[in-house]
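Participant: No letters, just coordinates:
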């Protein structure tokens, strides 16, 4: 059986021009943990090394957590309770500083973010580091989660592919039922 995200991606990318090219754009923010507000470390959580709240696009806070040498990134006021707050790559990793926000128009001169793309750097062993673009859906409560992973070293047009997944898969993705797409 073909996983639902793959069906959605195939239909969206090949058959249905779901979003016109001029109806979606990007904005970029920086994640610099030195300038973010850090929470005190939870002494009852031996795996947690830190939690930071950073400024995102508009008024959307970005929650960055690190535990067991893995980073977890979530969004919004209730970011800690969203699925994205518990999602990361299996290998030890760290994150890049540039956060891409995918935006669609809500009204004249008003753009609303519906997904993000962030580069993770997983440890591949033997001193090698990979690069994975993590696409996260931004939705209402319970609908902030990873929708896709693009291996940036294996895919020559990784940024374009990540944007296509964000634009065409994220809006239809059900965080409670669907599995993230891997490319």
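Facilitator: Great, that's in hand. The model shown is predicted, which means the values in this text are computed figures rather than measured ones.
Participant: Output the below-cut-off pLDDT ranges for this structure.
Facilitator: Within the chain, the segments meeting pLDDT under 70 span 1-22.
Participant: where do the strands sit along it?
Facilitator: Per DSSP state E, the chain carries strands over the ranges 25-30, 37-39, 48-55, 61-67, 70-75, 93-107, 110-125, 128-129, 132-137, 145-151, 181-182.
Participant: The second one: partners in the sheet, and parallel or antiparallel?
Facilitator: Each strand that pairs with strand 37-39, with its direction, by DSSP bridges: strand 48-55 (antiparallel).
Participant: same deal with the fifth one?
Facilitator: Sheet pairing of strand 70-75 (DSSP bridges) gives strand 61-67 (antiparallel).
Participant: Tell me which residues are up against the strand it pairs with.
Facilitator: 29, 31, 33, 36, 45, 47-56, 71-77, 79-80, 85, 95, 99 (C-beta atoms under 8 Å, 6 or more residues apart in numbering). Bear in mind the C-beta positions are built from the backbone N, C-alpha and C, glycine included.
Participant: Next: stretch 144-153.
Facilitator: 5, 9, 74-76, 79, 82-84, 87, 89, 115, 119, 130-138, 158-159, 161-162, 165-166, 169-170, 173, 175, 178, 180-183.
Participant: try 6 Å this time
Facilitator: With contacts defined as C-beta atoms under 6 Å, 6 or more residues apart in numbering, stretch 144-153 is touched by 75, 82-84, 87, 130-138, 158, 161-162, 165, 169-170, 173, 175, 180-183.
Participant: Whichever of those residues end up buried, select them in ChimeraX.
Facilitator: Buried members of those, identified by 16 or more other C-beta atoms under 10 Å, are gathered into one ChimeraX selection as follows:
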select :75,82,83,84,87,130,131,132,133,134,135,136,137,138,158,161,162,165,169,170,173,175,180,181,183
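Participant: what's the spacing between the residue positioned nearest the centre of the chain and residue 43?
Facilitator: A centroid search over the chain (C-alpha atoms, centre = their mean) returns residue 136, at 3.0 Å, as the residue closest to the centre. Using C-beta to C-beta, to the nearest Å, one obtains 29 Å as the distance from residue 136 to residue 43.
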